[in-house]
Structures are given as C-alpha cells and as structure tokens.
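Visitor: Starting from these lines, generate the structure:
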Amino acid sequence: MGDIVNLRTVRKQRDRAEDARKADENRARFGRTKAEKQAEAKAAERAETQLDNHRREP
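Guide: Below is the predicted model:
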C-alpha cells in the first residue's frame, strides 16, 4: 500500500515551489543595475546594426 499523503500540504508545497521559481525569474529579469541594463541594450543595438549592415539590398 502507498503512503498516506495530505493533499492540501502537497498542493501548498507545489505552490511555494512555483512562487520561488517565479521569484528567481523576476530577480534575474529585474534585479540588474542600471549599468548592466545599458550594457545589454548597447550590445543588442550593436548586434542589430551589424545584422542590418550585412543585409543585401534587392
């Protein structure tokens, strides 16, 4: 026979794990300094410009 499991407790543990995962994502997304955000924006702009410069004109 299997172990007896309190479903409410399992649900709460699952919800807490999901909340922790979302918090980690938000820390990664929004927990950056202004300099890091500017550096990332500059790198993205540089990559886009480089791609546009290599584009062939029809």
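Visitor: List the contacts of the residue sitting nearest the centre point of the chain.
Guide: In the chain, the residue lying closest to the centroid (C-alpha atoms, centre = their mean) is Glu25, at 4.3 Å. By C-beta atoms under 8 Å, 6 or more residues apart in numbering, Glu25 lies in contact with nothing. Where you see a C-beta, it was placed from the backbone N, CA and C, and this is true even at glycine.
Visitor: does it count as helix, strand or coil?
Guide: When classified by DSSP: H, G, I helix; E, B strand; the rest coil, Glu25 comes out as helix.
Visitor: now it: how far from Glu45?
Guide: 24 Å (C-beta to C-beta, to the nearest Å).
Visitor: likewise Gly2?
Guide: Relative to Glu45, Gly2 is positioned 57 Å away (C-beta to C-beta).
Visitor: Can you pick out the residue with more neighbours from the two?
Guide: Neighbour totals were compared for Gly2 and Glu45, and Glu45 leads with 10 against 4 (other C-beta atoms under 10 Å).
Visitor: what's the pLDDT at that one?
Guide: Per-residue pLDDT puts Glu45 at 97.
Visitor: In the protein, what residue spans correspond to helices?
Guide: For the chain, the helices defined by DSSP state H occupy 7-30, 34-53.
Visitor: Residues contacting the last one, please?
Guide: Under the criterion C-beta under 8 Å, 6+ apart, residues Arg32 lie in contact with helix 34-53.
Visitor: C-alpha coordinates for that helix, CSV please?
Guide: Taking Å, rounded to 0.1, in the frame of the first residue of the first chain, the C-alpha atoms of helix 34-53 are listed here in CSV:
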residue,chain,number,x,y,z
LYS,A,34,21.5,50.5,-14.5
ALA,A,35,24.9,49.9,-16.0
GLU,A,36,24.1,46.3,-16.7
LYS,A,37,20.8,47.3,-18.4
GLN,A,38,22.6,49.9,-20.5
ALA,A,39,25.4,47.5,-21.5
GLU,A,40,22.8,44.9,-22.6
ALA,A,41,20.8,47.5,-24.6
LYS,A,42,24.0,48.7,-26.3
ALA,A,43,25.1,45.1,-27.1
ALA,A,44,21.6,44.4,-28.6
GLU,A,45,21.7,47.6,-30.6
ARG,A,46,25.2,46.7,-31.9
ALA,A,47,24.1,43.3,-32.9
GLU,A,48,21.1,44.7,-34.7
THR,A,49,23.2,47.3,-36.5
GLN,A,50,25.7,44.6,-37.6
LEU,A,51,22.9,42.5,-38.9
ASP,A,52,21.4,45.4,-40.9
ASN,A,53,24.8,46.2,-42.3
